[in-house]
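Enquirer: fold the stuff below for me.
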Amino acid sequence: MRTFVSLVGGLILGLFVLLAGTPAAASCRIKNETGYTFAVASGNVPNQKVGARATTTIAPGKVQGRSDEGKTISGVCKDGGDLVIKEKNGVPLLGTAPKKKSASVHARSR
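Expert: This next block holds a predicted model:
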């Protein structure tokens, strides 16, 4: 019985150490709807690539980006946030992505 209690205690302790040692991956999703590829610095992470017409994740924080053509973007993204890069009159604009409406089923009452 004593061996069983030691085994269970060891497993619980091992699980705690495993979960406590795993770093949380904070991220911000960014969708690029332009034809430009941007090199983006956000948070403390430089040189993150956001491809043309692509969606990727970047580190949360202050966002600054530049394309090879010299186009620039800047803004802020909070952890778990969604951003979108759109082009208006030849100028890329970084903004928050529109919230998706959840598909809810409404029951009809009689």
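Enquirer: check residue 73 and give its pLDDT.
Expert: Model confidence at residue 73, given as pLDDT, is 97.
Enquirer: now do the contacts for residue 35.
Expert: Neighbour list for residue 35: 52, 53, 87 [criterion: Cβ atoms under 8 Å, 6 or more residues apart in numbering]. C-beta coordinates here come from the backbone N, C-alpha and C atoms, glycine included.
Enquirer: shouldn't it be within a helix?
Expert: No. Applying DSSP: H, G, I helix; E, B strand; the rest coil, one finds residue 35 to be coil, outside a helix.
Enquirer: please enumerate the helices of this protein.
Expert: Secondary structure of the chain (DSSP state H): helices at 2-20.
Enquirer: pLDDT weak spots in it?
Expert: Applying pLDDT under 70 to the chain picks out residues 1-25, 102-110.
Enquirer: let's go with 80 and repeat that
Expert: The model of the chain has pLDDT under 80 over residues 1-26, 100-110.
Enquirer: skipping its backbone neighbours, what lies nearest residue 75 in space?
Expert: Counting by Cβ to Cβ, 6 or more residues apart in numbering, residue 94 is the residue found nearest to residue 75 once chain neighbours are left out, at 4.3 Å.
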